[in-house]
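> Sequence plus predicted model, see below.
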Amino acid sequence: MDTKARILRAATEEFARHGYAGARIDRIARQAKANKALIYYHFTSKENLYRCVLENQVKDVITYFESKMRETQNLQELLLAFSQKYHEAFRAGSRFVPMLLREMAIGGGHIRELVSQMIDSEADLRNRILRIIEDGKRKGFYRNLDSRHAIISFASMNLFYLFMAPLVNEIWGIQDEEAFRRERPHHIVDLFMDGLKR
């Protein structure tokens, strides 16, 4: 692993554990077995390093969504692929979950700007999924609802369990979390599509 990759890996651990404000460049340097000057050489600042860590986490998901939208325009297939990717990206032990929660707790400025830029740059991914639903509404397949609310609700159905799994598992007596995570995308998509259809 080259120095830059070691720094990114160490920074991901540090930001996940301590958040942006609590993270320390000297700890990242120690963990990466690199000196602080090398970190500033590769990333110029703590903020740029944090942004690169977030970008690595988000880019994989956005790129995957974009590739799936090139493969199919079938809404149910797309939603299942999206749901499965959410569950993979936010798997148990993922460093992205604590990073995202901490980022949201401080207003989400870094990630909001990053996601907005990435979605806009990927051939208007946000509006393309909305257009698929709008087209289905015009053809009479789907109910006359606000497509933005529908997609936000779909994302929420996926993310709630991924963020709240320890509490939800306790409340609902879920013993095998891995099996539950594998089944959940299918249940979410079935429920969502049933609610969307006329």
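Nice, I can see it. What you see is a predicted model; the values in this text were computed from it and never measured.
> Would you mind identifying the next helix or strand past the lowest-mean-pLDDT helix or strand in the chain?
Ranked by mean pLDDT, DSSP states H and E, the weakest helix or strand in the chain is helix 109-121, scoring a mean of 72. Toward the C-terminal end, the helix or strand that comes next after helix 109-121 (DSSP states H and E) is helix 125-138.
> List the buried residues of that next one.
125, 129-130, 132-133, 136-137 (16 or more other CB atoms under 10 Å). Where you see a C-beta, it was placed from the backbone N, CA and C, and this is true even at glycine.
> mean confidence for that helix?
Per-region confidence: helix 125-138 scores 90 on mean pLDDT.
> now that helix: how far from the chain's centre is it?
Distance, stretch centre to chain centre, for helix 125-138: 21 Å (CA atoms, centre = their mean, to the nearest Å).
> For the chain, which segments count as helices?
Assigned helices in the chain, in chain order: 3-22, 25-32, 36-43, 46-71, 75-89, 96-105, 109-121, 125-138, 147-172, 177-196 (criterion: DSSP state H).
> mind listing what the nearest residue to residue 142 once chain neighbours are set aside touches?
Leaving out its chain neighbours, the residue that sits closest to residue 142 by CB to CB, 6 or more residues apart in numbering is residue 136, at 4.3 Å. The neighbours of residue 136, taking CB atoms under 8 Å, 6 or more residues apart in numbering as the test, are 75, 142, 196.
> next one: residue 4
Contacts for residue 4 were tallied using CB under 8 Å, 6+ apart; they are residue 42.
> For residue 192, see how far away it is.
The gap separating residue 4 from residue 192 is 40 Å, by CB to CB, to the nearest Å.
> Residue 131 now?
Following CB to CB, the distance that separates residue 131 from residue 192 is 18 Å.
> got it, and residue 171?
22 Å.
> More neighbours: these two, which one.
Comparing residue 171 with residue 192 by other CB atoms under 10 Å, the one with more neighbours is residue 192, at 20 against 9.
> so what's the more buried one up against?
Residue 192 is in contact with 79, 150, 153-154, 157, counting by CB under 8 Å, 6+ apart.
> want to try JSON lines for those, with pLDDT as columns?
As requested, the contacts of residue 192 are exported to JSON lines (pLDDT from 0 to 100):
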{"residue": "79", "pLDDT": "95"}
{"residue": "150", "pLDDT": "95"}
{"residue": "153", "pLDDT": "96"}
{"residue": "154", "pLDDT": "95"}
{"residue": "157", "pLDDT": "96"}
